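Student: have a look at this prediction, sequence included:
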Amino acid sequence: MTIIRSAIDTGSEEFRIRYAHNKALVEDFRRRQSASRGERAQRDVDRVRKQGKMLPRERIELLLDPGTPFLEFSSLAANQAYDGEAPGASCITGIGMVAGREVVIHADDSTIKGGAWYPLTVKKIVRCLEIAIENRLPVVHLCDSAGGFLQLQSEVFPDKHMAGRIFRNQALLSKMGVKQLALVFGHCTAGGAYIPALSDYNVIVRGTGAVFLAGPPLVKAATGEIVTADDLGGADLHTKTSGTCDYPAATETEAIAIGREIISQWERPRKTPLDRETPEPPLYDPDELYGILPDTIKKGFDSREVIARLVDGSRFHEYQPAYGTTLICGYAHIWGFRVGILANNGVLFNDSALKGGHFIELCNQNNTPIVFLQNITGYMVGQEYEAAGITKDGAKMIMAQACSHVPKFTIMCHASFGAGNYGMCGRAFDGRFLFTWPNHQIGVMGGEQAANTLVEVKVRQLERNGESAGDGVLQEIHRTTLEAYEDQISAYHSTSELWDDGILDPVDTRNALGIAISASLNAPFGEPGYGVFRF
């Protein structure tokens, strides 16, 4: 493959301005992430310690194989919800190595409201189990939860993708032969009791672990019975009498050791074969990404410069380099894995949409996973392009992408507006993983376009009624619309709502993709096939 020749002048003033801007964004992201991961009220930490428990990240560290990475999902989930009361959506999820096997980890965080499940907690757990299903990854549940957050029960319990979906996904994993282990460190209350009960294996810690459909207060209220948590659902009851739990453990350390021993007995998956070369780092320093990305959403950049800092040896075989030039397509390797890459280099015109659809078909024909690098303002609009069939050609690209049978991975590198989000494998299109960068913005359209559109709509509305608006009124409409949009399209709003699998520092993207691609090979590729292409 050809080595990409970078045209970036790292000594230029523009590079320095962009570098400073994006470095500051990443430092702000790191600060927010650190607070979400570790800042807790001292009384909550003291309460957990007094109960003789570890903190959730301490449990994960002891569970993982020493020196191996942990790809955490959605570390800033709920960062703009619940008045900041549920950092990380009060749970931790991700992929790590345990006893030499890739597993999905779900850990309750009892330092936040006793580990109670907020609506976004449920959404985060459901998503991690979807990842397990899609990639055939075993799951380890680290259980320590007070159950659903009752004040918001209508957003936690009744609907299709609420708490019941957790248990539905657990049942499907077991049906598929994908193993699950629950380590019960604290209470598993109400619906949460089904997590260990639906797991293939479970371990419960004596004295602190408990599994029950109703805790002592609810039992007393419902039946008048007075009973302790341990007598109601503790280790001895469930390992000696009910059989709900398999192994008792005297301490959390022993429970984790038993869990690791159980996992070590699991058969290793036969991964889907994929051509792989010896990994090598990019020729160019990924740190230079900070100086490549613009300092405003209105500016563009050459996606080849990003590719050169993500792929092995900065080598890239570009497909149709002279055609449909606003979409870069081609083949490369990431951590030795062969991938096809689609990267935006401007708005999608008819030719670039057709090129993208055709390249996606080629990747599927050759069983090559696809990486989408999104920086898209949409498909081109206007009478000329509608007459040329831009809607039809965009639909072809969407059809090819949506019906792909190979794993898909999406990185939101900058802008993601309009239907371009769809063609480039946005959240709705079942990519195996989707990550964003701190500079990312997403919406139906950009803030300026939305504000200008609403001003134009207001003017026409008034004209129909024989009225007119002064400049002050129109300026206020523009200002309020723009402010609302800027908040809603930010990367932090997106990740708070779990529209992605987490924000990444751009320099970490290559490693995250390596872990994600490797994990995806635990599942067989789907069956080839497409719907109807409108010609």
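Tutor: That came in fine, so what should we check first?

Student: distance of the closest residue in space to Ile376 that isn't next to it in sequence relative to Leu504?
Tutor: Nearest non-adjacent residue to Ile376, counting by CB to CB, 6 or more residues apart in numbering: Gly420, 3.4 Å away. Placement of C-beta: from N, CA and C, glycine included. To Leu504, Gly420 is 21 Å away according to CB to CB, to the nearest Å.

Student: what do you get for Pro216?
Tutor: Here the criterion is CB to CB. By it, Pro216 lies 43 Å from Leu504.

Student: can you check Phe185 too?
Tutor: 29 Å.

Student: neighbour count winner among those two?
Tutor: Ranked by neighbour count (other CB atoms under 10 Å), Phe185 and Leu504 place Phe185 first, with 30 against 23.

Student: for the helix or strand that contains the more buried one, packing partners?
Tutor: Phe185 belongs to strand 180-189 when assigned by DSSP states H and E. Other helices and strands packing on strand 180-189, by 3 or more CB pairs under 8 Å, 6 or more residues apart in numbering; DSSP states H and E, are helix 56-63, strand 139-145, helix 163-175, helix 194-198, strand 201-205, strand 210-212, helix 229-233, helix 252-264.

Student: with mean neighbour count added, can I get those in a markdown table?
Tutor: Below are the helices and strands packed on strand 180-189 laid out as a markdown table (neighbours: other CB atoms under 10 Å):
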| stretch | mean neighbour count |
| --- | --- |
| helix 56-63 | 19 |
| strand 139-145 | 28 |
| helix 163-175 | 18 |
| helix 194-198 | 21 |
| strand 201-205 | 27 |
| strand 210-212 | 25 |
| helix 229-233 | 18 |
| helix 252-264 | 19 |
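
Student: could you check the angle strand 201-205 makes with the strand holding Phe185?
Tutor: Computed by axes from the mean of the first three to the mean of the last three CA atoms, to 10 degrees, the angle separating strand 180-189 from strand 201-205 equals 40 degrees.

Student: CA atoms of strand 180-189 as PDB?
Tutor: Only the C-alpha atoms of strand 180-189 are listed here, as PDB (Å, rounded to 0.1, in the frame of the first residue of the first chain):
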ATOM      1  CA  GLN A 180     -22.400 -14.700  32.000                       C
ATOM      2  CA  LEU A 181     -21.000 -14.500  35.500                       C
ATOM      3  CA  ALA A 182     -22.500 -12.400  38.400                       C
ATOM      4  CA  LEU A 183     -20.400 -11.500  41.400                       C
ATOM      5  CA  VAL A 184     -22.800 -10.300  44.100                       C
ATOM      6  CA  PHE A 185     -21.000  -7.800  46.300                       C
ATOM      7  CA  GLY A 186     -24.000  -6.000  47.700                       C
ATOM      8  CA  HIS A 187     -27.800  -6.000  47.300                       C
ATOM      9  CA  CYS A 188     -29.600  -7.100  44.200                       C
ATOM     10  CA  THR A 189     -33.000  -5.800  44.800                       C
END
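
Student: just want the angle from it to helix 163-175.
Tutor: Using the same axes, to 10 degrees, strand 180-189 lies at 150 degrees relative to helix 163-175.

Student: what strands line up against strand 180-189, and which way round?
Tutor: strand 139-145 (parallel), strand 201-205 (parallel), strand 210-212 (parallel) (DSSP bridges).

Student: out of these, nearest to Gly447?
Tutor: Closest approach to Gly447 among the strands paired with strand 180-189 is made by strand 139-145 (38.7 Å; CB to CB).

Student: still on that earlier bit, for the residue nearest to Ile376, give its distance to Val211.
Tutor: From Gly420 across to Val211, the span is 48 Å (CB to CB).

Student: swap in Val98?
Tutor: For Val98, the distance to Val211 equals 22 Å [CB to CB].

Student: wait, which of the helices and strands packed on strand 180-189 is closest to Glu476?
Tutor: Closest approach to Glu476 among the helices and strands packed on strand 180-189 (CB to CB): helix 163-175, 42.5 Å.

Student: and that closest one, what does it pack against?
Tutor: With contacts defined as 3+ CB pairs under 8 Å, 6+ apart, the packing partners of helix 163-175 are helix 119-135, strand 180-189, helix 194-198.

Student: deepest of the ones you listed, which one?
Tutor: Among these, strand 180-189 has the highest mean neighbour count (mean count of other CB atoms under 10 Å), at a mean of 27.

Student: from the chain's centroid, how far away is it?
Tutor: Its chain's C-alpha centre and that of strand 180-189 lie 24 Å apart, by CA atoms, centre = their mean, to the nearest Å.

Student: quick one: that strand to helix 252-264, angle?
Tutor: Orientation of strand 180-189 against helix 252-264 (the same axes, to 10 degrees) gives an angle of 150 degrees.

Student: show me what the mean pLDDT comes to for strand 180-189.
Tutor: Averaged over strand 180-189, pLDDT sits at 96.

Student: the closest residue to Gly234 other than its chain neighbours and Gln383: what is the separation?
Tutor: Spatially, and ignoring its direct neighbours in sequence, Gly234 is nearest to Ala210 (5.3 Å; CB to CB, 6+ apart). In this structure, Ala210 and Gln383 are 67 Å apart, going by CB to CB.

Student: before I go, just wanted to say thanks for your time.
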